[in-house]
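Asks: after the sequence you'll find the predicted model.
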Amino acid sequence: MSAIGIKRLFYTDPSNITADLTGALLAALLKATTTKEVKNVHQDTWTLEETEAQQDGYRNQLTGSIYRMGTKTMGEVTFNWTIGKYDYFTKAEFLGGVATATSWKRPRGIVEIQKALIALTEDNQYVVLPYANVRSREANTDGAIGLAVIGTMMEPDNEAIMPEYWFDMSEVTEAGS
């Protein structure tokens with residue numbers, strides 16, 4: 001497994017994941033009408049990143065050597081991509097606001113958006129962030145205005161649900177059959 005590139009990308013409301021995710025539950029989630037697919041990811045904008053964990057080492061002033069470690073802060077896991085072609089409803093999903101088939105209105109104030117994000121890589125690995133904070137913005141992308149999206153993994157409120165899952169496509173396909 002290498003988790004190469006992106007083949008498909010989905011999103012849904014985090015409340016649609018109510019238990020520890022399995023291949024069967026993911027297959028059902030992908031079939032649900034509440035799960036939507038991102039139909040366009042602008043070339044070379046997809047990444048899955050994890051920042052380095054941070055931990056301070058405390059040094060013995062007499063020797064200069066580290067003698068204990070402080071509290072570790074885990075790195076952030078993010079899905080990053082730009083939607084190059086979209087409709088007004090998709091724009092509202094990622095920026096908030098009110099959409100119709102022919103218009104969009106930006107909301108006032110700070111917009112908080114959470115999504116469950118599901119990526120299928122080119123080598124058939126599903127990567128799932130069941131509860132992600134979504135930050136989006138309009139971005140000039142090769143002469144067009146795309147929607148640049150960052151989905152940051154967060155700890156779900158339901159302790160049975162883990163913050164990140166990986167499944168081979170065979171587990172999801174077989175479970176969904």
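Replies: Perfect, I can see it now. Residues are numbered from 1 along each chain as shown.

Asks: so for stretch 149-159, what gets flagged as buried?
Replies: Using 16 or more other CB atoms under 10 Å as the burial criterion, the residues of stretch 149-159 that qualify are 149-154, 156. C-beta: built from backbone N, CA, C; applies to glycine.

Asks: quick one: end-to-end distance for it.
Replies: Its start and end residues considered, stretch 149-159 measures 27 Å (CA to CA, to the nearest Å).

Asks: cool, and stretch 164-173?
Replies: 19 Å.

Asks: SS state for the residue sitting furthest away from the middle of the chain?
Replies: Going by CA atoms, centre = their mean, the residue of the chain most distant from its centre is Leu62, 46.2 Å out. What DSSP: H, G, I helix; E, B strand; the rest coil gives for Leu62 is coil.

Asks: mind checking how far it is from Gly70?
Replies: 19 Å (CB to CB, to the nearest Å).

Asks: got the buried residues for the longest strand along the chain?
Replies: Longest strand of the chain, by residue count under DSSP state E: strand 125-141. Neighbour counts using 16+ other CB under 10 Å place 125-136, 141 of strand 125-141 among the buried residues.

Asks: please tell me how far Ile161 sits from Leu25.
Replies: For Ile161, the distance to Leu25 - CB to CB - is 10 Å.

Asks: what does Arg108 give?
Replies: Applying CB to CB, the value for Arg108 to Leu25 is 37 Å.

Asks: which of the two has more residues huddled nearby?
Replies: Leu25 (18 against 8; other CB atoms under 10 Å).

Asks: give me the mean pLDDT for the host helix or strand of that one.
Replies: Element membership of Leu25 [criterion: DSSP states H and E] is helix 23-31. Mean per-residue pLDDT for helix 23-31: 96.

Asks: need the residues that contact the following helix or strand past that helix.
Replies: Toward the C-terminus, helix 23-31 is succeeded by strand 36-38 as the next helix or strand (DSSP H and E). Applying CB atoms under 8 Å, 6 or more residues apart in numbering, the contact partners of strand 36-38 are 8-12, 81, 83, 90, 93.

Asks: where along this protein do the strands fall?
Replies: Secondary structure of the chain (DSSP E): strands located at 8-12, 36-38, 47-50, 54-59, 66-73, 77-83, 98-99, 104-105, 113-120, 125-141, 144-153, 165-168.
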